[in-house]
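# generate coordinates for the sequence data below:
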Amino acid sequence: MSSSEAIRALVETFGSYCWHRALLVRGRRTVAGLLLAGAALLGGGCTTVRQGEVGVKRTLGRLDQQVVMSGPKAFNPFLTTIIKVPVTTQNLEIRSSLPSKEGLSIASDISILYRVKADQVPGILQTTGLGYENVLILPVFRSAAADVCARYFAKDMHSAERSVIEKAILTQMNGVLTIRGFEIENVLLKNIVLPGGLAKAIEDKLESEQEALRMEFLKQRETRDAERRVIEAEGQKRIAVVRAQGEQEANIIQAKGKAEAMRIEAQAVRLTNQLINRDLTPAVLKYKSIEAFRELAKSQNAKTIITDGNTPLVNTLAQ
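Numbering: from 1, shown residues only. Sure, this is the predicted structure:
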């Protein structure tokens, strides 16, 4: 081997060594980066508090008094836990027996609509815990329901009094739970089941009341019909009276009209006679007699004239 070939071989060997060395260093850096990233992931956590929820951080067993609002939240999973509590309206449904005033047990489905106050969630978790429905709300409801329902008869729970009972239970529950961080929005008594004998008695009573109401309605209807017929008869009577009065007045008016016409006619005749008597002087009468004789003279019929020398009486005989 020549000296030049020996030098070339030496250079290639040295270059290969440097390349492998560089790869080894880069690989170590990559592994170190991955280890650091894994340590970062193991050392921290993240969770999301949804809308309608609030969170409370518990670090080494101690509760933070500040609530965590909705959104993504980072925390150390080795030291801290975020407890989520819903603050929207919740529906707690149960089936319970309610006592009545007469000592009966009335089965009913009940819906308790309640809401947790967001700013009091840390206190609730500290004094009651997450099982507040069974620990606090249900016992308070059973006590209030027993106290209120015992003042009413069983039939009242199946009538319009039910809303009064619901409001009374609601008021009594809020008196206990409001200061504990809860707001009872409504108490609904549903599917109330009365004892068999009582239900039958109530049904019979309701049927009797309905029958009584029906008879009262029929009585009122007959009374109204009778009153209507009386009013119609009174109307017909008044119409007949008015009609008779009208006819009588019409006859009186007609008679008065005839009498007035006769009076006017008599006055006209009297006035005419007065005018005639005033105008028929002896000279006029003599003139009229002469005209009458003149007209008679023109006639071809035979005439008989009887006169006292002043006034002629004519008897005309047709030929």
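
# so how far is stretch 264-278 from its chain's centroid?
87 Å (CA atoms, centre = their mean, to the nearest Å).

# what mean pLDDT does it get?
pLDDT averaged over stretch 264-278 equals 77, rounded to a whole number.

# buried residues of it, list them for me.
When burial is assessed from 16 or more other CB atoms under 10 Å, stretch 264-278 yields no buried residues. (Glycine included, C-beta is placed from N, CA and C.)

# put the alpha carbons of that stretch into PDB.
Extracted C-alpha coordinates of stretch 264-278, given in PDB (Å, rounded to 0.1, in the frame of the first residue of the first chain):
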ATOM      1  CA  ILE A 264    -167.800  72.700   9.000                       C
ATOM      2  CA  GLU A 265    -170.400  71.600   6.400                       C
ATOM      3  CA  ALA A 266    -173.300  73.000   8.500                       C
ATOM      4  CA  GLN A 267    -171.400  76.200   8.900                       C
ATOM      5  CA  ALA A 268    -170.800  76.300   5.200                       C
ATOM      6  CA  VAL A 269    -174.500  75.700   4.500                       C
ATOM      7  CA  ARG A 270    -175.500  78.300   7.000                       C
ATOM      8  CA  LEU A 271    -173.100  80.800   5.500                       C
ATOM      9  CA  THR A 272    -174.400  80.000   2.100                       C
ATOM     10  CA  ASN A 273    -178.000  80.500   3.100                       C
ATOM     11  CA  GLN A 274    -177.000  83.700   4.800                       C
ATOM     12  CA  LEU A 275    -175.300  84.900   1.700                       C
ATOM     13  CA  ILE A 276    -178.300  83.800  -0.400                       C
ATOM     14  CA  ASN A 277    -180.800  85.500   1.900                       C
ATOM     15  CA  ARG A 278    -178.700  88.600   1.900                       C
END
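
# all numbers from here: first residue = 468
Sure, I'll start numbering at 468, so the last one becomes stretch 731-745.

# quick one: contacts for residue 578?
558, 559, 560, 653, 654, 655, 657 (CB atoms under 8 Å, 6 or more residues apart in numbering).

# filter those residues to the buried ones?
654, 655.

# could I get the contacts of residue 578 as TSV with distance to residue 519?
Converted to TSV, the contacts of residue 578 look like this (distance: CB to CB, whole Å):
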residue	distance to residue 519
558	14
559	17
560	19
653	19
654	22
655	22
657	25
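
# next step: the contacts of residue 578 restricted to strands.
Counting by DSSP state E, these place 558, 559, 560, 653, 654, 655, 657 in strands.

# okay, the fourth one: pLDDT?
If you check residue 653, the pLDDT there is 95.

# so how far is residue 608 from it?
Computed as CB to CB, to the nearest Å, the residue 653 to residue 608 distance reads 12 Å.

# please apply the same query to the second one.
Applying CB to CB, the value for residue 559 to residue 608 is 8 Å.

# overlap of the contact sets of those two?
With CB under 8 Å, 6+ apart as the test, residue 559 and residue 608 both reach residue 579.
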